[in-house]
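Q: Could you look at this predicted model? Sequence included:
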Amino acid sequence: MKLSGKVVVVTGGGSGIGQQIVLTLLGKGARVAAVDINAAALQETQAQAGTLASQLTLHQTDISDRDAVTQLVAEVVRQHHCVDVIINNAGIIHPFKSLHALDVGVINKVIKVNLFGVINMTKAFLPLLLERPVAHIVNVSSMGGLFAFPKQTLYGATKAAVKLLSEGLYSELRKTNVGVTVVFPGAVKTDITRNCDAHPVKLDRFSHLRYGTSAATAARRIVSAIEKNRFSVHIGADAKILGFLYRVFPRWTVMVLGRLMDIVLPD
């Protein structure tokens, strides 16, 4: 798909990978509807867009709210007249705790944003996508959706659901004009832990290592996947290596990750 002139809706467009996806798309000549629950973050994305901001619209929306997403569809159509691509990038993590220690309210919020947010967006926008000559859906899962990541168990479960949802959609839509890509980022240098009030102070001692893929690099890989109609994308050596190890040695990989987390974030 050539993205110049296409209308792309990006959730989580106010920061991190989402913001970089928006900027990358604008640079390719796309018109972008940036969606985020944080209005101030959207304004920052607009400021970063500079002279390309004329191609951008901002939409403060809670994607976990189905009615709000229905209203979002109307807003986007009113301003852009059509939609060619949706990128379900928005997601949250929870505090680094075992499942039994998580508050029920936190559990519900993570499920609503990470899973129902993707479902709400896909259900609402798919009829518009099916009307286009060529269209695409991108769902951002996680390497935590490929294997169990201790103390982010619920987060991983929601991202594994996004993986299966995406693969099912790919099969269901294979005879249509709508392509589907699922993305598995490894560690990416963003402020997601702080933005979600889930940053463990104990991790600060490792901050000098600067581990992870840059958000800009992750964004370029995701946008390239749309252009090439890729089925899936693994971003970062960690996602690729750990994903491979889990397929070959599932129990061993889970046990080793558990022990590493006990060292990095002891209870």
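A: Looks like it arrived, so ask away. It should be emphasised that the depicted structure is a prediction, and the values quoted were computed from it without experimental measurement.

Q: gap between the spatially most central residue of the chain and Val182?
A: For the chain, the residue nearest the mean C-alpha position is Asn89 (2.5 Å; CA atoms, centre = their mean). As judged by CB to CB, to the nearest Å, Asn89 and Val182 stand 12 Å apart. (Glycine included, C-beta is placed from N, CA and C.)

Q: list residues touching both of the two?
A: The overlap between the contact sets of Asn89 and Val182 (CB atoms under 8 Å, 6 or more residues apart in numbering) consists of Val138, Val140.

Q: Can you show me the strands along the stretch 1-150 of the chain?
A: Assigned strands in the stretch 1-150 of the chain, in chain order: 7-11, 31-36, 56-60, 85-88, 135-140 (criterion: DSSP state E, counting those that start in this stretch).

Q: after the helix or strand bottoming out on mean pLDDT in the chain comes which helix or strand?
A: Between all helices and strands in the chain, the lowest mean by mean pLDDT, DSSP states H and E belongs to helix 192-195, at a mean of 52. Helices and strands here follow DSSP states H and E; after helix 192-195, the next one along the chain is strand 213-214.

Q: How far does that following strand sit from its chain's centre?
A: Averaging C-alpha positions (CA atoms, centre = their mean, to the nearest Å) puts strand 213-214 14 Å from its chain's average.

Q: do the same with stretch 254-267
A: For stretch 254-267, the distance from its own C-alpha centre to the chain's C-alpha centre is 25 Å (CA atoms, centre = their mean).

Q: Could I get the CA-only coordinates of it as CSV?
A: Listed in CSV are the C-alpha atoms of stretch 254-267, where the atom choice follows Å, rounded to 0.1, in the frame of the first residue of the first chain:
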residue,chain,number,x,y,z
VAL,A,254,9.4,-19.3,31.3
MET,A,255,11.4,-20.6,34.3
VAL,A,256,14.5,-18.6,33.4
LEU,A,257,12.5,-15.4,32.9
GLY,A,258,10.9,-16.0,36.3
ARG,A,259,14.3,-16.3,37.9
LEU,A,260,15.6,-13.1,36.2
MET,A,261,12.6,-11.1,37.3
ASP,A,262,13.2,-12.4,40.9
ILE,A,263,16.7,-10.9,40.7
VAL,A,264,15.7,-7.6,38.9
LEU,A,265,12.5,-7.0,40.9
PRO,A,266,12.5,-9.1,44.1
ASP,A,267,9.3,-9.1,46.1
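
Q: my read: Ser214 touches Ala187, true?
A: No. Here Ser214 does not reach Ala187: they are 10.8 Å apart, not a contact under CB atoms under 8 Å.

Q: Quick check: mean pLDDT of the lengthiest helix in the chain?
A: Counting residues, the longest helix in the chain under DSSP state H turns out to be helix 153-172. Averaged over helix 153-172, pLDDT sits at 97.

Q: who does it touch, helix- and strand-wise?
A: Using 3 or more CB pairs under 8 Å, 6 or more residues apart in numbering; DSSP states H and E as the contact test, the elements touching helix 153-172 are helix 104-111, helix 117-130, strand 135-140, strand 178-185.

Q: give me that answer again for 10 Å
A: Where contact means 3 or more CB pairs under 10 Å, 6 or more residues apart in numbering; DSSP states H and E, helix 153-172 is packed against strand 85-88, helix 104-111, helix 117-130, strand 135-140, strand 178-185, strand 232-235.

Q: so which of these comes closest to Pro95?
A: Ranking these by distance to Pro95, with CB to CB as the measure, places helix 104-111 first at 7.3 Å.

Q: Measure how far the closest one is from the centre of its chain, please.
A: Counting by CA atoms, centre = their mean, helix 104-111 comes out at 18 Å from the chain centroid.

Q: How about stretch 44-54?
A: On the basis of CA atoms, centre = their mean, stretch 44-54 sits 21 Å off its chain's mean C-alpha point.

Q: same check, this time on stretch 142-153
A: What separates the centre of stretch 142-153 from the centre of its chain is 15 Å, taken as CA atoms, centre = their mean.

Q: do stretch 178-188 as well
A: For stretch 178-188, the distance between its averaged C-alpha position and the chain's averaged C-alpha position is 7 Å (CA atoms, centre = their mean).
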